[in-house]
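S.K.: Pasted the sequence and its predicted model underneath.
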Amino acid sequence: QMVYSTTTKMAASSRKFFACVSHVSFDIAGVTSTVSRCLFFQHQRLRRLLATSCVNARPITSFRRLQCSINPGEPQNVTDDEVEAIHDRLLRKVIPLYWMKMPYEDQLKFKYHEAAHALKTLARRLAAISPPDSPIMRQIQENGGMCCPLDPTKPSPVTEGYRNKSTFSINRGLDGNRKTVGMFAGTGRRYNIICVPADRCINMPESHLQVAQLYQQYIRSSPLPPCILFHHGGHWREITIRTNRAGDKMVIITFYPKGLSQEEIEAEKDKLVEFFIHGPGKICNISSLYFQASEKTRSTHLEAPFQLLHGEPYIYETCLGRQFRISPEAFFQTNTLGAEVLYQTIAEFSGVTPGATLLDICCGTGTIGIMLANSVEKVIGVEVVSQAVEDAKVNAVLNDVENAEFLCGKAEDVLPGLKPEVQDTPELLAVVDPPRGGLHAKVTRAIRNCLPLKRLVYVSCKPRGETMRNFIELCRPPTQKMQGPPFVPVRAVPVDLFPHTSHIELIILFERQEAETV
């Protein structure tokens, strides 16, 4: 169970071959590379024998020595250098641009180039299927290979401690204690997950770290074991903290109830209230303490209800003068100040007018539609999650918005039914802010075939993969399935909601191509 570092005088070609097939960590020319699988070398004993016989290797203590411990429950003799290496690995995973010591101005340039790369990829894909005289071909020539002009990255007003929601897991820590609360450093293979406190992650607010630390103190004093794998049993699982700018805190503790009676579970809930409201945890000033007994990795409120143990059922956040109710599973952008920049940019790109009707597709809790409600005649929100639709209706009432309607259902089913309602509107535009996986192909088809829709603002947090396919389907020449005139990207801008990470929000404005130019 050791890792070997090459100190050999093998020829470069031999070293390259050896590293490529062995699945062992090597330091070649000063670069550590853990390489992937080869069927022959998947057997650990063969790898070890090959390593010791083919190179002058020495066992080293490293991240993988901790990961591959045969007895993970026993305390580890961890050196200071090893601790630093583990924290360094976590930073590289969670906030890689901070780990690279990249100044924030350079981060904005980096994200601009990432967005430009996505637009160039879209341009190449569209050029392969578009006529030579189409508008998209002209735009590619005018914008240096991009499908449309790209504005500079809009920065986040705050770059540290900006997260309003954090989730911390439980697993074996650096000291071998399986009741360690933090974030995972590791790849998820056999015995190789180490849970590391997130106190060096500068995007986490101190209030979240404080709650996580006290939760760790509580579960370490509890006789109940942690639940790391369901089939291994245990009970204590992750903790989620949600906060607003007013300082209110909502804490959700997830618990695996299997093997305990209802009386025992109720006793644990009482102990949690005693600890966090009256005991050492009262310094956290928790506004809402929730408990979810779930036998699945992720459960909705309908599958495993969120049980309010203490405090108010909701916290409220104000964004651009609007108030929004936040429940345990309600979606809200994790960077509130950055979200204000995002919503202002969406309003600018959409070019809303007083007589327009706005379709808010994948509306969630109605944030975007409510933000723009005063600038349009009517807002129609579409969302598949029923609880989110209920939250959206409550948020509309909170903000005295009377021209918004929120419909529950799949967008591909709802949009065709709206045609009679929107047919005579002087202007119909849409905003789409889907999850990371993008829109389902049927939703893209429904948008494309909604002929009254002339302008579309697409907000993407991952402009690759399925989202790139969404872009292509919106812009490709008409087909049997895509019968409406194609959209054309006319403007784009990246917004930095996640400083120190590689993630961006890319906003693209699409306009419907005139039928005679198709």
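M.R.: Here it is on my side, so go on. Numbers count the residues shown, from 1 in each chain.
S.K.: use CA for all of it now, contacts and neighbours both
M.R.: Fine.
S.K.: what number of residues lie near the residue nearest to Ser327 when sequence neighbours are not counted?
M.R.: Closest residue to Ser327 apart from its sequence neighbours, by Cα to Cα, 6 or more residues apart in numbering: Tyr314 at 5.2 Å. By other Cα atoms under 10 Å, the residues close to Tyr314 number 16.
S.K.: same check, this time on His235
M.R.: The tally of other residues near His235 (other Cα under 10 Å) stands at 22.
S.K.: List the contacts of the residue nearest the centre of the chain.
M.R.: In the chain, the C-alpha nearest the mean C-alpha coordinate belongs to Arg436, at 6.9 Å (Cα atoms, centre = their mean). Applying Cα atoms under 8 Å, 6 or more residues apart in numbering, we find Arg436 in contact with 460-462.
S.K.: Ile472: which of those is nearest?
M.R.: Using Cα to Cα, Ser460 is the member of those that sits closest to Ile472, with 13.9 Å.
S.K.: Against Leu509, how distant is that closest one?
M.R.: 11 Å (Cα to Cα, to the nearest Å).
S.K.: One more: Gly364?
M.R.: For Gly364, the distance to Leu509 (Cα to Cα) stands at 20 Å.
S.K.: Neighbour count for these two, which is higher?
M.R.: Counted by other Cα under 10 Å, Gly364 and Leu509 do not tie: Gly364 has more neighbours, with 28 against 22.
S.K.: doesn't that one fall inside a strand?
M.R.: No. Counting by DSSP: H, G, I helix; E, B strand; the rest coil, Gly364 is not found in a strand; it is coil.
S.K.: Give the helix, strand or coil label for the closest residue to it other than its chain neighbours.
M.R.: Sequence neighbours aside, Ala388 is the residue nearest to Gly364 in space, at 5.3 Å (criterion: Cα to Cα, 6+ apart). Put simply, Ala388 is helix when judged by three-state DSSP.
S.K.: what number of residues lie near Ala388?
M.R.: Other residues close to Ala388 by other Cα under 10 Å number 22.
S.K.: contacting residues around it?
M.R.: So Ala388 contacts 330-331, 364-365 (Cα under 8 Å, 6+ apart).
S.K.: Just name the closest of those residues to Thr153, please.
M.R.: Among the contacts of Ala388, Phe331 lies closest to Thr153 (Cα to Cα), at 24.1 Å.
S.K.: Would you check that Ala330 makes contact with Gly366?
M.R.: No. The criterion here is Cα atoms under 8 Å, and Ala330 misses it with Gly366 at 10.6 Å.
S.K.: Tell me where the stretch 401-518 of the chain has strands.
M.R.: For the stretch 401-518 of the chain, applying DSSP state E, counting those that start in this stretch gives strands covering 404-408, 427-432, 453-460, 487-495, 505-512.
S.K.: Sheet-wise, list the partners of the last one with their directions.
M.R.: Each strand paired with strand 505-512, and its direction, by DSSP bridges: strand 453-460 (antiparallel), strand 487-495 (antiparallel).
S.K.: These into a markdown table, with extra columns for distance to Lys269 and mean neighbour count?
M.R.: As requested, the strands paired with strand 505-512 are arranged in a markdown table below (distance: least, Cα to Cα, whole Å; neighbours: other Cα atoms under 10 Å):
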| stretch | distance to Lys269 | mean neighbour count |
| --- | --- | --- |
| strand 453-460 | 40 | 23 |
| strand 487-495 | 42 | 24 |
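S.K.: Surely Pro223 is within a strand?
M.R.: No. Counting by three-state DSSP, Pro223 is not found in a strand; it is coil.
S.K.: Got the confidence number for it?
M.R.: Looking at Pro223, its pLDDT is 95.
S.K.: same thing with Asp151?
M.R.: Looking at Asp151, its pLDDT is 97.
S.K.: And the pLDDT for the closest residue to it other than its chain neighbours?
M.R.: Leaving aside its sequence neighbours, Asp151 sits nearest to Val493 (Cα to Cα, 6+ apart; 4.8 Å). For Val493, the model assigns a pLDDT of 98.
S.K.: And the helices in the stretch 51-200 of the chain, which stretches?
M.R.: All helices of the stretch 51-200 of the chain, identified by DSSP state H, counting those that start in this stretch, fall at 63-67, 80-94, 96-99, 104-127, 135-142.
S.K.: Most tightly packed of these?
M.R.: helix 63-67 (a mean of 20; mean count of other Cα atoms under 10 Å).
S.K.: re the thing from before, could you export the helices of the stretch 51-200 of the chain as a markdown table, including mean pLDDT?
M.R.: What follows is the helices of the stretch 51-200 of the chain, written out as a markdown table (pLDDT from 0 to 100):
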| stretch | mean pLDDT |
| --- | --- |
| helix 63-67 | 45 |
| helix 80-94 | 90 |
| helix 96-99 | 96 |
| helix 104-127 | 96 |
| helix 135-142 | 92 |
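S.K.: how about CSV for those helices, with distance to Phe487 added?
M.R.: Shown next, in CSV, are the helices of the stretch 51-200 of the chain (distance: least, Cα to Cα, whole Å):
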stretch, distance to Phe487
helix 63-67, 50
helix 80-94, 36
helix 96-99, 35
helix 104-127, 12
helix 135-142, 9
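S.K.: Nearest approach to Thr501 belongs to which of those?
M.R.: With Cα to Cα as the measure, helix 96-99 is the member of those nearest Thr501 (5.7 Å).
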